[in-house]
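Visitor: model this:
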Amino acid sequence: MQALAILITTYIDWTLIPFVTKLEGTYLPVFMISFFMLIGALDGFIQPFFNRIKLYTIYLFAIILDIVQIFSYLFYDLSIIGFTYLILTIFTIQGITFEIARIHTTDFMQDEAVSLKDYLMIRSLMISGAIVLGSLSAMVFDAFEIKMQNVLLYLSIIGVLSIFFQFKLYKIFKKRINAQTVEIQTDKRELFEKFRV
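Guide: Next up, the predicted model:
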């Protein structure tokens, strides 16, 4: 389910990225393009601040970001420049969030039946597949001159599917992590009682 959520989310972004890149080059100054690139590159500095964050909280934040992204599509008709800035901000925050999630997921996978190596290979396969499919979709949409509003509507529908999978993952991870926390607290209490006796 994680792989499927990654596939859909990455596909949506990589279908949209060529269009947004074109809008960037048309409407944004080099300074602002560089600014967004700079912010996106700071994820390594930001990650230590989220060391103790729970994996399910990251998924909840990703769900909120996806909802904001779908609603941001409404800005395309209102202001193309505003839409470009908004979607670039969302992409930048998403990039940082996915990196934080990747680190926490690999930590979580140590207790799973799937090996960490296999998980990372599946994750890389899904991301590569999504980038290829997204790029091909963007090429097809451009070749057939599909209106941007129709592309955004299509991506919104797929985005709702992505939110559904992410919400299921949120519930699964929250249940597992809370169960582990209760188990650890019970073990600590039993250990404390043994020392008291």
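Visitor: buried ones in the helix or strand encompassing R123?
Guide: Here R123 sits within helix 116-143, counting by DSSP states H and E. Neighbour counts over helix 116-143 (16 or more other Cβ atoms under 10 Å) mark Y119, R123, M126, I127, A130, I131, G134, S137, A138, F141 as buried. Heads up, the C-betas are built off the backbone N, CA and C, glycines and all.
Visitor: what about that helix, average pLDDT?
Guide: Helix 116-143 comes out with an average pLDDT of 94.
Visitor: what of stretch 47-58?
Guide: For stretch 47-58, the per-residue pLDDT averages 88.
Visitor: distance from the chain centre to it, please.
Guide: 14 Å (Cα atoms, centre = their mean, to the nearest Å).
Visitor: residues in contact with it?
Guide: Residues outside stretch 47-58 that contact it (Cβ atoms under 8 Å, 6 or more residues apart in numbering): 97, 99-101, 103-105, 108, 170-171, 173-174, 177.
Visitor: what's the most distant pair in those residues?
Guide: Within the contacts of stretch 47-58, E99 and K171 form the most distant pair, 23.1 Å apart (Cβ to Cβ).
Visitor: wait, what's in contact with R102?
Guide: Going by Cβ under 8 Å, 6+ apart, the list of residues near R102 reads R123.
Visitor: same deal with I33?
Guide: The contact partners of I33, by Cβ under 8 Å, 6+ apart, come to E24.
Visitor: can you pull out the low-pLDDT segments for the chain?
Guide: For the chain, the stretches flagged by pLDDT under 70 are 106-113, 181-197.
Visitor: helices of that one, start to end?
Guide: For the chain, the helices defined by DSSP state H cover 2-27, 30-40, 43-46, 55-72, 75-78, 80-109, 116-143, 148-196.
Visitor: buried ones in the second one, by neighbour count?
Guide: Right, helix 30-40. For helix 30-40, by 16+ other Cβ under 10 Å, it's F36, I39, G40.
Visitor: cool, the third one as well?
Guide: With burial defined by 16+ other Cβ under 10 Å, the residues of helix 43-46 counted as buried are D43.
Visitor: and it, what does it pack against?
Guide: With contacts defined as 3 or more Cβ pairs under 8 Å, 6 or more residues apart in numbering; DSSP states H and E, the packing partners of helix 43-46 are helix 80-109.
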